[in-house]
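*Asks:* Below: sequence and its predicted model.
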Amino acid sequence: MNTLVVLLLILFGGGIIAYFAYNIHKIVGDIWLVLVGFAASIYYIGYLDVSQVLNIHLAGFVLTLALNSFSWIFGLLIAVLLPLVALYSIPYMKGQDRLGWFYMLFLFSVGGMYGILMAGDWLTLFIFWEIMTWSSYLIVIYRRSEDAPRVGLKYLIFSAIGAYSLLTAIVLIGANVHSLSISKFFEVLPMHSLGFKVLVGSLMLIGFGVKAAVMPLHVWAPDAYSTTPMNYTSMFSGALSKMGIYGIGLIVINLYYHSGISLAGEIVAWFGAITAVLATYYALIQKDAKRLMAWSSVAQLGYIVAGLGIGTKLSVFAGIYLAVLHGLFKANLFMAIGAVERQAGTTNFSELRALIRKMPWTFFSALISVIVLAGIPPLSGFVGKWMLYESMITSGHYVIVVFLFLASVAGFLYAFRFLFGVFLGQEEKEFEHVKEANPFMTVPMLLIALFLIVLGTFPGIMFKYIARSMADLGFYGVTYKMSVLTNDWGQSINMQYIAASLVIVFVLFLIVLTWVAYKNSRNVTTKDIHTSGEPPSEEDNYHFSENFYRPFQRAFAFVYKYAITPVYNEFARGIEDFFQYVRRLYTGNAQTYALYVLLFLAILFLIAKNIH
């Protein structure tokens with residue numbers, strides 16, 4: 001049997017069986033979920049035959065399943081996350097109802113992602129796109145919270161906008177190319193007019209841009225990421241958003257740059273840069289860890305879109321590398337937030353504090369992911385941003401570099417706010433009961449953290465697969481080294497040396513700190529702090545969670561003054577008022593309806609007469 005079909009059967013069949021397994025007993029369902037997660041991942045990495053192609057003739061259409069090196073690397077990201085999220089989900093979802101329904105949708109959405117990556121034609125891609133969208137929508141509203149209907153509706157509306165844009169583009173392709181094959185579309189594209197290329201490309205970018213949360217199509221993401229259960233949000237932000245990145249990569253490189261429409265790619269890069277900056281500044285003022293990381297996810301996707309939009313060999317390479325990294329560290333951060341939510345009962349910064357001693361493994365996993373997010377050496381985030389900045393400097397995109405650098409600096413600030421707000425500060429009695437999360441939750445987080453550390457010292461592990469994927473985008477002869485980064489000015493950095501140097505410094509600092517603490521230690525309470533001579537009471541709070549970056553917020557008030565959400569709300573109210581007016585046409589009177597029919601036929605007659 002075709003190996004592509006087998007993988008889809010594992011996921012979709014596994015989802016259906018998961019529904020019944022959880023109705024039998026939770027333990028049976030948990031075991032089945034983990035088995036399906038590991039089976040799908042092992043099969044994808046070890047047994048999937050990339051060379052296989054399957055053509056299915058259905059109702060006059062040819063549905064094609066095929067995988068290439070570019071789509072394979074996004075599938076690899078899913079394969080890494082899936083079994084870890086499955087393990088994590090067992091304790092995280094404990095006590096929840098309708099688990100069979102939840103995990104059926106969970107596996108269906110993963111199956112939809114793999115179907116998108118396997119699609120050899122636009123119709124197949126659209127079918128799996130809708131499966132992924134509807135599955136994720138039903139998970140967004142799964143918890144039936146007070147905000148769930150509103151958040152779900154917003155996600156559904158923007159998903160519908162994206163879906164109709166994709167469908168319109170597909171219809172135009174079918175009418176003009178007379179084939180829905182993705183490869184044939186890009187082959188014959190140079191023969192078509194500039195208007196056709198721009199129109200189809202713009203519609204496709206709207207469709208893919210919704211899932212990639214590119215501004216101004218991002219407004220669904222902060223609410224959806226923060227409302228959805230954190231075990232799925234780790235896949236939602238980590239993997240599902242990459243389906244939008246995958247589509248943007250296809251369009252920007254194959255349609256725009258290979259067709260000589262570089263200006264369109266430049267515009268995409270600017271949308272990415274603006275998304276990175278604005279979303280970062282909105283992340284700074286969030287008072288909840290979930291919403292902070294949701295905005296952070298939007299911002300980090302902006303870096304990736306900017307890299308793809310520039311369209312040079314190095315920028316695209318950096319964009320793909322950052323896409324994989326984002327999937328890993330953002331999934332890990334949402335897992336850490338989910339662990340805190342499970343153990344402490346809240347993710348609000350005004351309530352949380354000082355969990356580092358209670359949850360040290362969760363803190364370590366979050367710390368590693370935050371260092372990667374901030375692009376600090378020697379971890380893998382530094383490697384990705386090094387390549388991205390160099391690609392933009394060498395290609396002359398200096399203003400975009402400034403934008404992304406500002407976003408990086410502010411990104412470090414909100415990352416520190418997350419660590420401080422959740423794990424640092426003074427301990428409080430209400431959190432004395434908090435313990436470290438279940439090993440099924442901490443082990444997946446630690447494994448991802450370890451992988452992020454290894455990728456920082458030996459980025460060539462991932463470079464090998466990215467270089468192979470670049471060939472499918474028309475970039476040949478991509479060279480790399482396992483641990484050495486170079487630039488066009490003849491400089492180089494060996495990541496192994498940097499990692500070794502920092503480890504030595506850290507160990508020496510730890511030894512000195514331990515010795516000093518041993519010689520001059522005394523037991524103090526968390527209230528034994530400098531308070532200008534005023535004895536603090538138990539109610540006094542010295543945790544800087546409120547107005548954490550108030551001066552920064554005042555300085556950038558002009559950024560926060562303008563938002564796109566009120567514009568959408570006004571537009572929605574206008575549409576609602578318009579249809580309320582249109583409803584007056586439906587009087588219930590048969591004679592009125594007959595008059596409408598006659599008017600419609602008269603208009604058709606006049607149009608037909610003018611055409612002839």
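*Replies:* Right, received. Where do you want to start?
*Asks:* ok, the residue nearest the centre of the chain - contacts?
*Replies:* Nearest to the geometric centre of the chain sits Ser237, at 3.1 Å (C-alpha atoms, centre = their mean). Under the criterion of C-beta atoms under 8 Å, 6 or more residues apart in numbering, the contact list for Ser237 reads Tyr225, Met293, Ala294, Ser297, Lys330, Ala331, Phe334. In this view, the C-beta of every residue, glycine as well, is placed from N, C-alpha and C.
*Asks:* I'd like the distance between the third one and Tyr142.
*Replies:* Read that as Ala294. Distance, Ala294 to Tyr142, using C-beta to C-beta, to the nearest Å: 17 Å.
*Asks:* Which of the two has more residues huddled nearby?
*Replies:* Ala294 (30 against 21; other C-beta atoms under 10 Å).
*Asks:* helix or strand for the more buried one, which one?
*Replies:* Ala294 belongs to helix 289-310 when assigned by DSSP states H and E.
*Asks:* That helix packs against which elements?
*Replies:* helix 220-227, helix 241-249, helix 262-284, helix 313-344, helix 380-394, helix 398-423 (3 or more C-beta pairs under 8 Å, 6 or more residues apart in numbering; DSSP states H and E).
*Asks:* For Ile31, which of those helices is the nearest?
*Replies:* Among the helices and strands packed on helix 289-310, helix 313-344 comes nearest to Ile31, with 20.8 Å by C-beta to C-beta.
*Asks:* The helix or strand following that closest one vs helix 398-423, what angle?
*Replies:* Counting by DSSP H and E, the next helix or strand C-terminal to helix 313-344 is helix 360-374. Orientation check (axes from the mean of the first three to the mean of the last three C-alpha atoms, to 10 degrees): helix 360-374 against helix 398-423 gives 170 degrees.
*Asks:* Can you give me the buried ones in helix 360-374?
*Replies:* Buried residues in helix 360-374, counted by 16 or more other C-beta atoms under 10 Å: 361-374.
*Asks:* Can you give me the domain boundaries for the chain?
*Replies:* Residue ranges for the domains of the chain, per automatic domain parsing: 1-183, 566-611.
*Asks:* hey, which of those domains is tucked in deepest?
*Replies:* Highest mean neighbour count among the domains of the chain (mean count of other C-beta atoms under 10 Å): domain 1-183, with a mean of 19.
*Asks:* Show me how far that domain is from its chain's centre.
*Replies:* In this view, domain 1-183 has its centroid 15 Å away from the chain centroid, taken as C-alpha atoms, centre = their mean, to the nearest Å.
*Asks:* Any idea how far apart the tips of it sit?
*Replies:* Terminal residues of domain 1-183 lie 24 Å apart, using C-alpha to C-alpha, to the nearest Å.
*Asks:* Check stretch 48-64 too.
*Replies:* 16 Å.
*Asks:* pretty sure Phe106 contacts Ser136?
*Replies:* No. At 9.3 Å, Phe106 and Ser136 do not qualify as touching, with contact defined as C-beta atoms under 8 Å.
*Asks:* shared neighbours of these two, which are they?
*Replies:* Tyr232.
*Asks:* Relative to Phe364, how far out is Arg353?
*Replies:* Counting by C-beta to C-beta, the gap from Arg353 to Phe364 is 18 Å.
*Asks:* Revised request: answer the last question for Ala21.
*Replies:* Using C-beta to C-beta, Ala21 is found at 34 Å from Phe364.
*Asks:* For the closest residue to Lys358 other than its chain neighbours, give me the backbone phi and psi.
*Replies:* For Lys358, ignoring the flanking residues on the chain, the nearest one in space by C-beta to C-beta, 6 or more residues apart in numbering is Val434 at 4.3 Å. In terms of degrees, to the nearest 10, the main-chain angles of Val434 are phi -70, psi 130.
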